[in-house]
Structure formats: C-alpha cells, structure tokens
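S.K.: next come a sequence and a model predicted from it.
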Amino acid sequence: MYLDIHKETEERMEKSLKACKDELTSIRAGRANPSLLDRVTVEYYGTQTPLNQVANISAPEPRMIVIQPWDANILGEIEKSIQKSDLGLNPTNDGKIIRLIIPQLTEERRKELIKVVKKVSENAKIAVRNQRRDANDAVKKMLKANEITEDESKQAEEKIQKITDKYIEEVDKLMTQKEKELMEV
C-alpha cells in the first residue's frame, strides 16, 4: 500500500540525486578529471559513441588529461568532438595520444561556475520536491478511496517529508562540496 509509495518515492529521489551528482561532476573545477569528458561523443564508424568507449582516458598530472584511443585513426574525430564540446579545452595531438591541459580558473570564471552549480542544485531540489508532491497526492487519493485511515495518511506524509529532507540535505552537501572544489586555487 502506502509503503510502496515510500519506496518508489525514495527510488525516484535517488535518481534525481544521481543526475545532480553526474551533472556537477561534469563541471570543470580547474583540476584534471577524466569524468569531464563523460558527455563527449565521437563519430566512430557512423555512430555517435561516448569517448570513454573508444579511448583510454587518464589524468597523469593535476592539470592534464591524456586520451589514448584504441584506434589511432579516430584521433582527428576525438579532437573535433572536444573542440565542439562546451568544455573550452584545446586538445594537442601528437599522432598517438591527445593531451588536454586544464587551464587555471579565473576568479570571474569560478563565480560563473558557482552560479551554474547553484542552478543545477536548485533543479535537483525542485525535482525532489515534485516527487514529494506526487507521493503526497497518491496518499491523498488512497485516503479518499478509503484504502487507508486518516492516521496512516498522516504517518505516510511525515515519512515522505523525512525522505524529502534527507535528499534535499544530500543535494546541499553536493553543492557545498563542489563550491569548495571550485574555490580552491
């Protein structure tokens, strides 16, 4: 009954949290992180393929990412894809591997990125709140249909609120962590 609603709501909130985490990871923090390239796709045999499926990506130094494709014929494609992405990185190709030097972030760029982080976090919180509303609506429908009692309805809504608070707190933690990472010089 309403226990299913709790479980389903928590699963949906978990997905929202994961989406937020993934989006925050792709925001460049002035430090080399192979996950920056997670959203980059490359034209490979006529198909858009994620970069990490056609190359080995590593960060041997704090400010450098090295991309070593398994097929040297796609070096040019990888280069084009990185330039077209919104990462603002310039790849250097030596014929075997591609190096990406991660530039130091300016104070202005850090502030812009913090605004982006806050926006991403706020969108995640909105998604969590929407899921809370949907769950509460489902509980109200069950109450109206006399499937649960008034007390069970109150308990269910309190539990839904606790779950919501937990996920909002998690989103806040992620946001604070990313802001701290961005402000490191």
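M.R.: Okay, I see it.
S.K.: for the rest of this, base every contact and every neighbour count on C-alpha atoms.
M.R.: Will do.
S.K.: longest single helix anywhere in the chain?
M.R.: helix 107-144 (DSSP state H).
S.K.: does residue 70 touch residue 54 like I think?
M.R.: Yes: using C-alpha atoms under 8 Å, residue 70 is in contact with residue 54, at 6.1 Å.
S.K.: that older thread, give the next helix or strand downstream of the longest helix of the chain.
M.R.: Along the chain past helix 107-144, the next helix or strand (assigned with DSSP states H and E) turns out to be helix 150-183.
S.K.: tell me the domain ranges of this protein?
M.R.: 2-25+106-183, 34-101 (automatic domain parsing).
S.K.: hey, least reliable of the ones you listed by pLDDT?
M.R.: Ranked by mean pLDDT, the domains of the chain end with domain 34-101 at the bottom, a mean of 84.
S.K.: of residue 70 and residue 54, who's got more company?
M.R.: With neighbours defined as other C-alpha atoms under 10 Å, residue 70 and residue 54 compare such that residue 54 has more, 18 against 14.
S.K.: was I right to think that one contacts residue 72?
M.R.: No: Residue 54 lies out of contact with residue 72 (C-alpha under 8 Å); the separation is 10.0 Å.
S.K.: do you know how far residue 170 is from residue 164?
M.R.: According to C-alpha to C-alpha, to the nearest Å, residue 170 stands 10 Å off from residue 164.
S.K.: looking at those two, which is more packed in?
M.R.: Neighbour totals were compared for residue 170 and residue 164, and residue 164 leads with 21 against 16 (other C-alpha under 10 Å).
S.K.: contacting residues for that one?
M.R.: By C-alpha atoms under 8 Å, 6 or more residues apart in numbering, the residues touching residue 164 are 13, 128-129, 132.
S.K.: now do residue 113
M.R.: Counting by C-alpha under 8 Å, 6+ apart, residue 113 has contacts 27, 182.
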